[in-house]
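Engineer: sequence? don't have it. structure:
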């Protein structure tokens with residue numbers, strides 16, 4: 001890792017400790033969207049009252065054995081970020097100037113940089129390596145007079161250049177006026193800018209805290225599907241709580257809702273407040289499902305075709321599985337649900353073979369690339385992601401397959417339906433052929449965690465009673481006598497699994513550890529030593545799962561420990577408090593339609609060149625700009641939610657009392673069902689008991705089942 005000195009900029013938010021003599025302090029500083037620990041000679045910042053002070057700090061990142069990453073200060077400068085870090089980031093965009101030269105210029109001139117650039121640019125020659133570029137810098141500075149102040153200001157708040165350019169293109173000469181006077185428009189009109197960024201701009205512009213535009217923006221932010229924790233609507237009390245947690249006054253919420261409703265952005269149903277987008281989507285999904293009545297008899301000869309398909313696949317279906325196939329062939333939407341090992345994939349394989357023998361075009365799809373790849377391998381058919389099936393257009397941000405240009409198929413199987421959210425389901429139904437008897441076979445495990453996005457589609461469809469459901473509850477796998485399947489069955493019944501050393505199976509162990517540091521030590525030992533002895537490669541075969549991102553047993557802390565253990569010598573790149581190394585396993589945390597990389601996709605760092613990381617996803621090399629490193633996390637450990645749709649040879653699950661309200665049955669069950677060959681649970685037995693027994697908190701605020709059951713709704 002490059003340990004040379006670097007510059008960081010931010011706002012002091014807390015004093016952890018300060019020496020009386022002013023020689024040393026430990027501060028928490030907000031840089032962009034993150035808080036970092038800063039240590040060094042900082043006790044005199046702000047004249048003894050540092051909270052809220054802007055600082056530009058020079059020093060280096062280091063790893064503390066107990067506290068994790070922290071920035072050790074050598075020198076610091078108090079002052080506006082617009083005149084320090086923002087200028088440095090601006091200069092990086094000048095032709096011929098990169099981050100190193102920009103950093104040298106800012107380091108040399110500090111708060112005088114603006115004056116030097118505007119009045120005496122020849123002084124730039126005082127900086128090593130800049131002499132030959134003085135004219136280019138001066139020309140660029142002069143030509144960009146209208147945009148540079150705005151660019152510096154936006155870059156100082158951490159916005160990547162692509163967003164700055166998007167703002168300038170959208171508003172043209174009015175961009176600065178919009179940013180200064182109407183910053184909340186950015187959250188509404190510019191993709192990639194949210195409430196927090198717009199609010200930071202409003203604060204620097206001096207807009208009042210109770211500005212009606214601010215309250216409206218906060219309400220819209222809390223209702224936004226990306227921030228809703230899966231709810232499709234919020235009641236007024238929950239909405240008020242969400243707004244207050246943003247530090248925004250709640251007194252003006254009723255007026256904000258009224259204005260948003262008049263503008264067509266929200267729908268109000270009594271105490272329920274919806275975004276118009278989600279309200280329309282849920283109504284459309286209910287209507288589309290009810291319109292697809294099905295009820296047709298399978299074509300003559302299907303009984304023989306299915307029998308021949310069973311023989312060709314080398315399996316013999318149980319009566320329930322065979323009945324599910326004939327139900328699917330009746331047309332319309334049909335649900336097949338069951339836990340691991342109950343024969344869902346075998347059923348689909350036979351169904352696909354029978355359809356192929358008939359010359360019937362049956363397509364297979366799953367919500368993620370990982371899940372579709374698994375479906376292809378298991379069935380022998382060609383499966384795709386739903387986004388690819390619906391021909392997502394990243395340029396326009398929508399699907400090209402729709403009612404006017406439906407998908408070309410005679411039947412469709414969608415696997416891992418528990419991962420499909422409301423908006424994706426709406427797009428799928430809109431793109432189906434108009435034939436109401438079109439067979440739509442929805443396959444999944446209704447007991448798993450619901451989708452990351454809004455809704456709980458599979459569970460709501462099952463609960464509605466309006467869509468035919470086949471439940472597979474018998475385990476048919478030869479490996480039915482496995483600890484993993486037994487553990488899943490036990491947790492489904494609210495019982496703690498048996499451990500291998502206490503009469504359980506040899507592929508399932510529960511290791512009790514109460515102290516959090518002992519949990520981490522045990523996880524590292526299991527991953528790097530014990531599982532290696534069982535033939536597993538810790539960098540490719542083993543996945544650590546945990547309920548949360550934060551805390552001593554969250555993904556962030558576990559990933560740092562696992563990275564240090566499994567990849568200590570990889571060439572490193574650090575930005576803020578995030579470090580990636582060549583060879584690291586990483587996960588994408590946001591849909592990147594331009595790269596066709598989706599939220600939850602796992603890849604590997606294969607190189608670093610200039611200001612780009614080279615990442616490998618499913619064999620494709622993606623050049624990832626370092627400014628967008630916030631959309632990539634380490635993936636040695638990941639949340640259970642992010643693991644949906646995947647299976648791993650070995651899973652190490654961390655489940656401890658520190659995980660608090662996340663200890664729920666469907667989370668425990670989902671984590672167990674990710675393991676194929678080996679499962680190890682590390683943590684507190686009391687936490688395991690609570691997780692197995694607790695079914696509270698699984699509900700989401702949705703109304704789909706209610707709409708499907710509504711009086712007058714017919715199938």
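Structural biologist: Here it is on my side, so go on. None of the values given here were measured: they were computed from a predicted structure.
Engineer: what's the neighbour count on residue 474?
Structural biologist: Residue neighbour count, defined by other Cβ atoms under 10 Å, stands at 14 for residue 474. For glycine as for every other residue, the C-beta is placed from the backbone atoms N, C-alpha and C.
Engineer: tell me the secondary structure for residue 466?
Structural biologist: Residue 466 falls in the coil class when you classify it by DSSP: H, G, I helix; E, B strand; the rest coil.
Engineer: wait, it touches residue 709, no?
Structural biologist: Yes: the pair formed by residue 466 and residue 709 meets the contact definition of Cβ atoms under 8 Å, at 6.5 Å.
Engineer: of those two, which one has the most company?
Structural biologist: More neighbours sit around residue 466 than around the other of residue 466 and residue 709, counting by other Cβ under 10 Å; the figures are 20 against 13.
Engineer: separation between that one and residue 291?
Structural biologist: Distance of residue 466 to residue 291, given as Cβ to Cβ, to the nearest Å: 12 Å.
Engineer: phi and psi next, for the closest residue to residue 438 other than its chain neighbours.
Structural biologist: Ranked by Cβ to Cβ, 6 or more residues apart in numbering and with sequence neighbours excluded, the top spatial neighbour of residue 438 is residue 432, at 5.6 Å. Residue 432 adopts backbone torsions of phi -70, psi 150, taken as degrees, to the nearest 10.
Engineer: how close does residue 432 get to residue 365?
Structural biologist: Using Cβ to Cβ, we find residue 432 at a distance of 12 Å from residue 365.
Engineer: and for these two, which residues touch both?
Structural biologist: residue 412 (Cβ atoms under 8 Å, 6 or more residues apart in numbering).
Engineer: between these two, tell me which one has more neighbours.
Structural biologist: Summary of the neighbour comparison: residue 432 and residue 365, criterion other Cβ under 10 Å, with residue 365 having more neighbours (24 against 20).
Engineer: helix/strand/coil for the more buried one?
Structural biologist: Local secondary structure at residue 365 is given as strand here, using three-state DSSP.
Engineer: check residue 606 too.
Structural biologist: For residue 606, the reduced secondary structure class is strand; criterion used: three-state DSSP.
Engineer: quick one: residues contacting it.
Structural biologist: 582, 614, 615, 616, 621.
Engineer: give me the element the fourth one is part of.
Structural biologist: In this assignment (DSSP states H and E), residue 616 forms part of strand 612-617.
Engineer: tell me the buried residues in that strand?
Structural biologist: For strand 612-617, burial by neighbour count (16 or more other Cβ atoms under 10 Å) applies to 613, 615, 617.
Engineer: now the first one. Nearest residue, chain neighbours left out?
Structural biologist: Translated: residue 613. For residue 613, the closest residue by Cβ to Cβ, 6+ apart turns out to be residue 624, at 4.5 Å.
Engineer: could you tell me the angle between the helix or strand hosting that neighbour and strand 612-617?
Structural biologist: For residue 624, the element it lies in under DSSP H and E is strand 620-625. Following axes from the mean of the first three to the mean of the last three Cα atoms, to 10 degrees, one obtains 150 degrees for the angle between strand 620-625 and strand 612-617.
Engineer: name the helices or strands packed onto strand 620-625?
Structural biologist: Counting contacts by 3 or more Cβ pairs under 8 Å, 6 or more residues apart in numbering; DSSP states H and E, strand 620-625 packs against strand 612-617.
Engineer: now do the strand it packs on: everything it contacts.
Structural biologist: Outside strand 612-617, the residues that touch it by Cβ under 8 Å, 6+ apart are 369, 573, 580, 586, 588, 595, 597, 601-608, 621-626, 629, 632.
Engineer: how long is stretch 573-588 end to end?
Structural biologist: Using Cα to Cα, to the nearest Å, the end-to-end distance of stretch 573-588 comes to 17 Å.
Engineer: just how off-centre is that stretch within its chain?
Structural biologist: Distance, stretch centre to chain centre, for stretch 573-588: 16 Å (Cα atoms, centre = their mean, to the nearest Å).
Engineer: and if you look at stretch 623-634?
Structural biologist: In terms of Cα atoms, centre = their mean, the centre of stretch 623-634 is found 13 Å from the chain centre.
Engineer: same question, stretch 683-700
Structural biologist: So, by Cα atoms, centre = their mean, the centroid of stretch 683-700 is 23 Å from its chain's centroid.
Engineer: what's in contact with stretch 222-229?
Structural biologist: Defining contact as Cβ under 8 Å, 6+ apart, one finds that stretch 222-229 is touched by 221, 234, 239, 242-243, 246, 266, 273-275, 277-278, 423, 453-454, 700.
Engineer: buried residues of it, list them for me.
Structural biologist: Across stretch 222-229, burial judged by 16+ other Cβ under 10 Å covers 222, 223, 224, 225, 228.
Engineer: got it, and stretch 360-370?
Structural biologist: For stretch 360-370, the buried set under the neighbour-count rule, 16+ other Cβ under 10 Å, comprises 360, 362, 363, 364, 365, 366, 367, 368, 369, 370.
Engineer: got a list of what the fifth one touches?
Structural biologist: I take that to be residue 365. With contact set as Cβ under 8 Å, 6+ apart, residue 365 has these partners: 372, 383, 384, 385, 386, 389, 412, 413, 414, 415.
Engineer: any idea of the mean pLDDT in the strand or helix carrying residue 15?
Structural biologist: In the assignment (DSSP H and E), residue 15 maps to strand 6-18. Model confidence over strand 6-18, given as mean pLDDT, is 74.
Engineer: what about the helix or strand that comes right after it, distance to the chain center?
Structural biologist: Next helix or strand after strand 6-18 toward the C-terminus (DSSP H and E): strand 25-31. Between the centre of strand 25-31 and the centre of its chain there are 27 Å (Cα atoms, centre = their mean).
Engineer: can you classify residue 256 as helix, strand or coil?
Structural biologist: When the structure is split into helix, strand and coil by three-state DSSP, residue 256 lands in helix.
Engineer: how near is it to residue 201?
Structural biologist: Residue 256 sits at a distance of 19 Å from residue 201 (criterion: Cβ to Cβ).
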